[in-house]
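Colleague: Fold the following for me, if possible:
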Amino acid sequence: MADIQRHILPIPDVPRFGPITYDAKDPDTSFAPIQPLRPPEGAPNVMVIMLDDVGFGAPSAFGGPCATPVFERLATGGLRFTRFHTTALCSPTRQALLTGRNHHSVGMGGITEIATSAPGYNSLRPNTKAPLAEILKLNGYSTAQFGKCHEVPVWQTSPAGPFDAWPTGGGGFEHFYGFVGGETNQYDPALYDGTRPIDPPRTAEEGYHLTEDLTDQAIAWVRQQNTLMPDKPFFCYFVPGATHAPHHVPKEWADRYRGRFDQGWDAIREETLARQKELGVVPQNADLTTRHAEIPAWDEIEPGLRPVLARQMEVYAGFLEHTDHHVGRLLKALEDLGIFDDTLLYVITGDNGASAEGGLRGSFNELLAFNGMADVETPEFMAARIDKFGTPEAYNHYAVGWAHAMDTPYQWTKQVASHWGGTRNGTLVHWPRGIRAAGEVRSQFCHVIDVAPTILEAAGLPEPTTVNGVQQSPMEGISMLYTFDDAGAPERHDQQYFEMFGNRGIYHKGWSAVTKHRTPWVLGAGYAVAFDDDVWELYDGSKDPSQAHDLAAEMPDKLHELQRLWLIEATRYNVLPLDDRTAERFNAEIAGRPELIKGESQLLYGGMGRLSESSMVNVKNKSFSVTAEIASTNGPVSGVILAQGGSFGGWSLYAKQGRAKFAYNLCALETSEIEADRPVPSGEHQVRMEFAYDGGGLGKGGTVSLFYDGDKVGEGHVEHTMPFVFSADETADVGQDSGTPVALDYDTTNGAFTGDIHWVQVDTGANDSDHYIKPEERIRIAMARQ
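Modeller: Sure, this is the predicted structure:
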């Protein structure tokens, strides 16, 4: 198949030439045998592994304090790229990796949850920029993704789709097993097989952990591909949720690090830099950058809090080593199949710098910070829960100081695209049959958009000019293949812009000009300064590889030259207009993106589930009601009528031993329960909950009233509510409570409802005066939504 043209995809069918016979037995009947589509001869298997929120200075393969022996073995047999860069945030890095284009070029200037209508920020990949997986599939590769997908626009994440942006929709992957969104509970994830929601195969009590499950699934897929089609190479994209918060790991892994971080983050930074120089992953003239005033020194931390902070880091280190272990299992499977040496393997140790989103003290339940209640987590609060960090009872994150230390020797963290601490991620490349060099370091400047062009060149495939009938724009990355066997090759990717939340910078031939506009852990509008008032810094990377010595005051002309260059690149790649809004961009109406649910009412039916928050009418900070028509024929009903959220925050209307009950779980701090004074009668009835919001601001309480067929059967008060988000990964369900339970006293497994649920209606408008929905009124509302 060497003569096939591959610039137009799908490859056009070639018409048959020759005589047409009437009888297949005619001697002149001749047809060429069917040839399955395959890539060019010698095209390798490809596996791209990318971890989440791992800073440059975290893994031991790059001098960090977290043991990664598998990565170290890969470094011994392959190459360490020490100047490889990402975008400083997850969705943008992933879309850039999968397309070979800058993140603003493919509409991913931020995470999907804050998309706007501006082209560089709308979370919509243009069809002129086909993803790598689609290109490989149309050239004869098998393709599969395992793990995190954070590229689906939020208004397309419901069970109704559309699925164009899902991995198995328009993403080019034939198989997907993982989760959709920014993070998930490692012990009880919201999983999908393709586009079908599924439950984890085991529970946390039975030893379940997402990273192990993803590894098992990937191993099974690779074995099957190699067994059934050994002549067909594969592209496997393995992207576990590790080590994004929540930092969940079995206790025995965290306990391996007992006492290892008691000296604090400042000492860890110094120790890490010494190891990095010894390994040669940073130059000998690299200086340790100064800790910024916004980050407290370890000596300033009150003694009572230090054991909690040390435990946070022990858990994180165990999480990373646990991840390394399971990556090793996946690679061992390739070795057992005899295909490891012929697999082009990328291990990108993080999709951005280490995350400082845990705040200055870290968090036991990060939903508290998401809802403006971080002050609840006092030192005493966290000390009382120190042994539960990392367990299913926690939704934990570590403190800013640890994130900064995990980005050693650089400044800042995730989200700060201006500085290397936000964008520089150690990367390993291993391909024994394609790379002669082994155990070497590569210091050429590289960026995540370079991966796709590298894979195409290694496979002998051209960039397509047309995909699915649409003319393609060129990839914006540059193949790294030229570096594989030439450590001294002049770098070809010598210019690159950076931008995230107004933090921006430009790299040009060894120089970098940067400005930090906002601090990741400072929320709200109080921090904002005008973009023109941002202070720019200038660094000469040939003499100052860690960006430790600002030359802006000494070389203003050079700074101005690079500032102009940044503006040119920003114009070219859809970065403008700059947008540093935060809360406003979470509001779809203000941001200008579509909303799946409109109006004040939503009608649901029995069996509907796995509805994300963007798939539900918003009931936060307002009065609302839930009305359900249910039927009981075999004794008292039990189970969930409608639940939203999970163990770390949410609400549930359910039946307990026949009686209607409402539970409001406030970030696992307290659960308010209101129960009916009598059971639901047998037969068909309406069960209704009305929540009358107290008003007076965000997150206030309200009075809960329960009704059967319009008659009040219970009343109580909820003191506080969650003002911004119930969960980052839990969903809403009719007739059960998938994921972790909102309430802990369900009578049935997963809160499965024992009767029939005909319909459930959620209203945020005025409550019906008779506390009952007449059939004609429900029909009218349903018709109005069509």
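Colleague: I'd like to know how many residues surround S117.
Modeller: 11 (other CB atoms under 10 Å). (Each C-beta comes from the backbone N, C-alpha and C, glycine too.)
Colleague: State the phi and psi torsions of it.
Modeller: phi -90, psi 0 (degrees, to the nearest 10).
Colleague: One more: P379?
Modeller: phi -50, psi -40.
Colleague: shaky segments in this protein?
Modeller: Residues of the chain meeting the criterion pLDDT under 70: 1-3, 524-527, 766-769, 776-786.
Colleague: Tell me the buried residues in the longest helix along it?
Modeller: Using DSSP state H, we find that the single longest helix of the chain is helix 306-336. For helix 306-336, the buried set under the neighbour-count rule, 16 or more other CB atoms under 10 Å, comprises 306, 308-328, 330-331, 333-334.
Colleague: and the helix or strand following that helix, how far from the chain's centre?
Modeller: Using DSSP states H and E, the helix or strand that follows helix 306-336 in sequence is strand 343-348. A distance of 20 Å separates the centroid of the chain from that of strand 343-348, by CA atoms, centre = their mean, to the nearest Å.
Colleague: what's the answer for stretch 26-43, then?
Modeller: 42 Å.
Colleague: quick thing: my sequence starts at 78, can you match it?
Modeller: Sure, I'll start numbering at 78, so the last one becomes stretch 103-120.
Colleague: Enumerate the positions of it that are buried.
Modeller: R115, P116, A120.
Colleague: export the residues you listed to a markdown table and tack on secondary structure?
Modeller: Formatted as a markdown table, the buried residues of stretch 103-120 follow (DSSP: H, G, I helix; E, B strand; the rest coil):
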| residue | secondary structure |
| --- | --- |
| R115 | coil |
| P116 | coil |
| A120 | coil |
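Colleague: Compute the number of surrounding residues for the spatially closest residue to A482 that is not a sequence neighbour.
Modeller: Excluding the flanking residues, the one nearest A482 by CB to CB, 6 or more residues apart in numbering is W342, at 4.0 Å. Counted with other CB under 10 Å, the neighbours of W342 add up to 26.
Colleague: How about T648?
Modeller: 10.
Colleague: And the strands in the stretch 78-227 of the chain?
Modeller: 85-86, 122-127, 156-158, 161-162, 219-226 (DSSP state E, counting those that start in this stretch).
Colleague: So what touches the next helix or strand after the last one?
Modeller: Taking DSSP H and E as the definition, the helix or strand that follows strand 219-226 towards the C-terminus is strand 252-257. Applying CB atoms under 8 Å, 6 or more residues apart in numbering, the set of residues contacting strand 252-257 from outside is 220-227, 229, 234, 243-245, 266-272, 287, 291, 294, 298, 316, 318, 806.
Colleague: Try it again at 6 Å.
Modeller: Outside strand 252-257, the residues that touch it by CB atoms under 6 Å, 6 or more residues apart in numbering are 221-224, 226, 229, 234, 244-245, 266-268, 270-271, 294.
Colleague: among the residues you listed, which ones are buried?
Modeller: For those, buried by 16+ other CB under 10 Å: 221-224, 226, 229, 234, 244-245, 266-268, 271, 294.
Colleague: wait, which of these is closest to G467?
Modeller: P266 (15.8 Å; CB to CB).
Colleague: Who are the contact partners of the closest one?
Modeller: Contacts of P266 by CB under 6 Å, 6+ apart are F256, L287.
Colleague: What is the distance between stretch 266-284 and the centre of its chain?
Modeller: Counting by CA atoms, centre = their mean, stretch 266-284 comes out at 17 Å from the chain centroid.
Colleague: Put the alpha carbons of that stretch into PDB.
Modeller: Provided in PDB are the C-alpha atoms of stretch 266-284 (Å, rounded to 0.1, in the frame of the first residue of the first chain):
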ATOM      1  CA  PRO A 266     -15.800   7.900  39.400                       C
ATOM      2  CA  ALA A 267     -18.500   8.900  37.000                       C
ATOM      3  CA  LEU A 268     -17.500   6.500  34.200                       C
ATOM      4  CA  TYR A 269     -18.400   6.200  30.500                       C
ATOM      5  CA  ASP A 270     -17.800   3.300  28.100                       C
ATOM      6  CA  GLY A 271     -18.000   5.200  24.900                       C
ATOM      7  CA  THR A 272     -20.900   7.500  25.500                       C
ATOM      8  CA  ARG A 273     -22.700   5.100  27.800                       C
ATOM      9  CA  PRO A 274     -22.600   5.900  31.500                       C
ATOM     10  CA  ILE A 275     -21.500   2.900  33.600                       C
ATOM     11  CA  ASP A 276     -20.800   2.100  37.200                       C
ATOM     12  CA  PRO A 277     -17.400   1.100  38.500                       C
ATOM     13  CA  PRO A 278     -16.900  -2.600  38.600                       C
ATOM     14  CA  ARG A 279     -16.200  -2.600  42.300                       C
ATOM     15  CA  THR A 280     -16.600  -0.400  45.300                       C
ATOM     16  CA  ALA A 281     -14.000   1.400  47.400                       C
ATOM     17  CA  GLU A 282     -14.600  -1.100  50.200                       C
ATOM     18  CA  GLU A 283     -13.800  -3.900  47.700                       C
ATOM     19  CA  GLY A 284     -10.500  -2.100  46.800                       C
END
